[in-house]
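Chemist: I'd like to go over a predicted model; first the sequence, then the structure.
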Protein chains: 2
Amino acid sequence: MIIVADNIRITDQIIADAISQMNPVPIQKIVMECEKAGAQVIDVNSGPLSRAPEKHMVFLIDAIQEVSKLPLIVDTANPKAMETGIRACKNKAIVNGFSLEPAKLDKILPLAKKYQTDIIGYLLYPNGHVPPDGDKRLEIAIELFEQFKKHGIDEKRLIIDPIIAPLSWQSGKFQAKEILYVIKHLPDIFGFPVRTIAGLSNLTTGRGHKARKLIMEKVYISMLASAGLSMIMMNVFHNDSIKTVRACNLLIDEKIFAWEEMD
Amino acid sequence: MIIVADNIRITDQIIADAISQMNPVPIQKIVMECEKAGAQVIDVNSGPLSRAPEKHMVFLIDAIQEVSKLPLIVDTANPKAMETGIRACKNKAIVNGFSLEPAKLDKILPLAKKYQTDIIGYLLYPNGHVPPDGDKRLEIAIELFEQFKKHGIDEKRLIIDPIIAPLSWQSGKFQAKEILYVIKHLPDIFGFPVRTIAGLSNLTTGRGHKARKLIMEKVYISMLASAGLSMIMMNVFHNDSIKTVRACNLLIDEKIFAWEEMD
């Protein structure tokens, strides 16, 4: 699994303040720490940037790229900010993302075609609601894929996000199992090894004891790896969770095993 | 997954000395620590007990039962010691175990019939060698099951051990994946939810850094749980591994999730 940092997010007050004050330093500090912690890709969750989206997105992407060469995922629902972000990325951006929601099909999906980028598709209902089970997610995946092909985009550019739900939901444990089922079965459904991404932080959102959340996070990382997940979006400052991802990768890759490769 | 302690084993010098000196105290100390650490079943791996098997087995089982009411797995290749052990157990013993090896089919398997006990069947070749992949293991499982039914034993008494191989083997990682495949597919092959058991300590046998081994152990516990393993035999003094098993169980059982149930 490729490690994607979810640490650059507008819901973090430090990031929010840095963007509104156009101060790159706090953002750059976190980005450098993410890279040191093991991030291989950075998700830039700017939020909608409703005030001056283009100016703020350029500032944010530039700030990050001054200190890091990592590939970036541009994570915003605002098509203007998205397009600006894609253009500002020195590496090819990944678009995060589209769903069956009409606004996203009309305004976000075409950007992947226009800029020949990878794009993340969410397994959500058109109204943004989370499906109740795995089979419904697979149905949505097929619809997403049809929309995708309708735009004439190379199928290899699609990355599916099955949408991890919080364990604290009444159906949380069931959803956690269904997500694994979806990740396992997507390649058969699509007929090619479609890539997948999952946002791990969602699993333990809400109240709960931190140490317990970290144990559960590690358990679920291993289960996601075993199911075949390609990219894991996570808080990269959870050091033991990063070690878990690396151990999973070591177990799953094709090379002969050596303990020395765990570091 | 039910937690089975593998800590009472003849290869531990303290246990070996205590048995040969007929001194129950060191054994009882370890048993009490196992129970405190979370063991729900204790595997009593006495070895073949080639000198005075009956006397030593009775001593060992009695010593354990003086301090613990946990169910016991009698783990010996010696049919005399096995029968004595089964008879000495106050709870119904679990027999560990049989394979396609003629001596085990002739001398161990009939004991499960005679004493109406559960019995563990190893997915090994008749000569005791480990099969190279999952499909070969499934073939052996079918043969084992046929032998089992030939003896007229209730199918619910069978517990399959797919035999975890050390990661340090040249095919170690491949074997680790194949084991998960076998655990997932056994219920379909048998047509009923056959129970499974796996000896986790085998995974990290051999040289290697202890901390790395513990991370890998936790990763593999989660993968085994996700594959549907029923019983995990392990060193119960690996506290973080026990926490991992509990987190897996919490994730997998049918009750509504609550962080409070992790302790």
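Modeler: Ah, there it is.

Chemist: Could you give the number of residues near A:N96?
Modeler: Counted with other Cβ atoms under 10 Å in any protein chain shown, residues neighbouring A:N96 total 28. (Glycine included, C-beta is placed from N, CA and C.)

Chemist: wait, A:H56
Modeler: A:H56 is flanked by 23 other residues according to other Cβ under 10 Å.

Chemist: Would you check that it makes contact with A:G47?
Modeler: No - here A:H56 does not reach A:G47: they are 9.5 Å apart, not a contact under Cβ atoms under 8 Å.

Chemist: Just confirm A:I8 is within a strand.
Modeler: Yes - counting by DSSP: H, G, I helix; E, B strand; the rest coil, A:I8 is part of a strand.

Chemist: quick one, phi/psi of the closest residue to chain B within the stretch 151-263 of chain A?
Modeler: Residue nearest to chain B within the stretch 151-263 of chain A: A:S222 (3.5 Å; Cβ to the nearest Cβ). Phi and psi for A:S222, reported as degrees, to the nearest 10, are phi -70, psi -40.

Chemist: quick one, domains of chain A?
Modeler: A:1-91, A:100-263 (automatic domain parsing).

Chemist: that older thread, neighbours of the closest residue to the residue of the stretch 151-263 of chain A closest to chain B other than its chain neighbours, how many?
Modeler: Of all residues not flanking A:S222 in the chain, B:S222 sits nearest, at 3.5 Å (Cβ to Cβ, 6 or more residues apart in numbering or on different chains). A count of nearby residues for B:S222, using other Cβ under 10 Å, gives 25.

Chemist: got it, and A:A103?
Modeler: 12.

Chemist: Check the gap between it and B:I19 for me.
Modeler: 73 Å (Cβ to Cβ, to the nearest Å).

Chemist: Please point out which parts of stretch A:176-184 sit buried.
Modeler: A:176, A:178-184 (16 or more other Cβ atoms under 10 Å in any protein chain shown).

Chemist: How about stretch A:92-111?
Modeler: Quick answer for stretch A:92-111 (16+ other Cβ under 10 Å): A:93-101, A:104-105, A:107-109, A:111.

Chemist: ends of that stretch, how far apart?
Modeler: Using Cα to Cα, to the nearest Å, one end of stretch A:92-111 lies 13 Å from the other.

Chemist: Can you give the contact residues for that stretch?
Modeler: By Cβ atoms under 8 Å, 6 or more residues apart in numbering or on different chains, the surrounding residues in contact with stretch A:92-111 are A:41, A:43, A:45, A:71-77, A:79, A:82-83, A:85-86, A:112, A:115-128, A:140, A:143-144, A:147-148, A:151, A:153, A:159, A:161.

Chemist: The same query, at a cut-off of 6 Å, please.
Modeler: Applying Cβ atoms under 6 Å, 6 or more residues apart in numbering or on different chains, the external contacts of stretch A:92-111 come out as A:72-75, A:79, A:82-83, A:86, A:112, A:117-122, A:124, A:126, A:143, A:147, A:151.

Chemist: how about the spatially most central residue of chain A, secondary structure?
Modeler: Central residue of chain A (Cα atoms, centre = their mean): A:M233, 4.8 Å from the mean position. Three-state assignment for A:M233 (three-state DSSP): strand.

Chemist: cool, A:T196 as well?
Modeler: Applying three-state DSSP: A:T196 is strand.

Chemist: Correct me if wrong: it contacts A:M231.
Modeler: No - taking contacts as Cβ atoms under 6 Å, A:T196 lies outside contact range of A:M231: 7.1 Å.

Chemist: neighbour count winner among the two?
Modeler: Set side by side, A:T196 and A:M231 show more neighbours around A:T196, with 27 against 22, by other Cβ under 10 Å.

Chemist: picking that back up, want to throw the buried residues of stretch A:176-184 into JSON lines with distance to chain B and pLDDT?
Modeler: Output for the buried residues of stretch A:176-184, formatted as JSON lines (distance: Cβ to the nearest Cβ, whole Å; pLDDT from 0 to 100):
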{"residue": "A:A176", "distance to chain B": "6", "pLDDT": "96"}
{"residue": "A:E178", "distance to chain B": "12", "pLDDT": "97"}
{"residue": "A:I179", "distance to chain B": "11", "pLDDT": "98"}
{"residue": "A:L180", "distance to chain B": "6", "pLDDT": "97"}
{"residue": "A:Y181", "distance to chain B": "10", "pLDDT": "97"}
{"residue": "A:V182", "distance to chain B": "14", "pLDDT": "98"}
{"residue": "A:I183", "distance to chain B": "11", "pLDDT": "98"}
{"residue": "A:K184", "distance to chain B": "10", "pLDDT": "96"}
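
Chemist: So A:V74 belongs to a strand, correct?
Modeler: Yes - per three-state DSSP, A:V74 lies within a strand segment.

Chemist: Contacts only, for it.
Modeler: A:V74 touches A:44, A:82, A:85-86, A:93, counting by Cβ under 6 Å, 6+ apart.

Chemist: Now with 10 Å, please.
Modeler: A:V74 is in contact with A:43-46, A:57, A:60-61, A:81-89, A:93-97, A:111, A:117, counting by Cβ atoms under 10 Å, 6 or more residues apart in numbering or on different chains.

Chemist: Show the pLDDT at it.
Modeler: You'll see A:V74 listed with a pLDDT of 98.

Chemist: Now do the strands in chain A.
Modeler: With DSSP state E, the ranges of strands along chain A come out as A:2-9, A:41-45, A:72-75, A:94-98, A:118-122, A:158-161, A:195-199, A:231-234.

Chemist: want to try CSV for those strands, with distance to B:G191 as columns?
Modeler: CSV is the format used below for the strands of chain A (distance: least, Cβ to Cβ, whole Å):
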stretch, distance to B:G191
strand A:2-9, 40
strand A:41-45, 45
strand A:72-75, 46
strand A:94-98, 42
strand A:118-122, 38
strand A:158-161, 33
strand A:195-199, 32
strand A:231-234, 36
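
Chemist: that older thread, does the residue nearest to A:S222 really touch A:S226, like I thought?
Modeler: Yes - contact criterion Cβ atoms under 10 Å: B:S222 and A:S226 qualify, at 7.6 Å.

Chemist: Could you count how many residues lie near the residue of the stretch 1-150 of chain A found nearest chain B?
Modeler: At 11.8 Å from chain B, A:M1 is the closest residue in the stretch 1-150 of chain A, using Cβ to the nearest Cβ. For A:M1, the number of neighbouring residues by other Cβ under 10 Å comes to 22.

Chemist: and it, what does it touch?
Modeler: A:40, A:196-198, A:221, A:224-225, A:228-234, A:245-246, A:248-249, A:252.

Chemist: what's the closest non-adjacent residue to it?
Modeler: A:I232 (4.6 Å).
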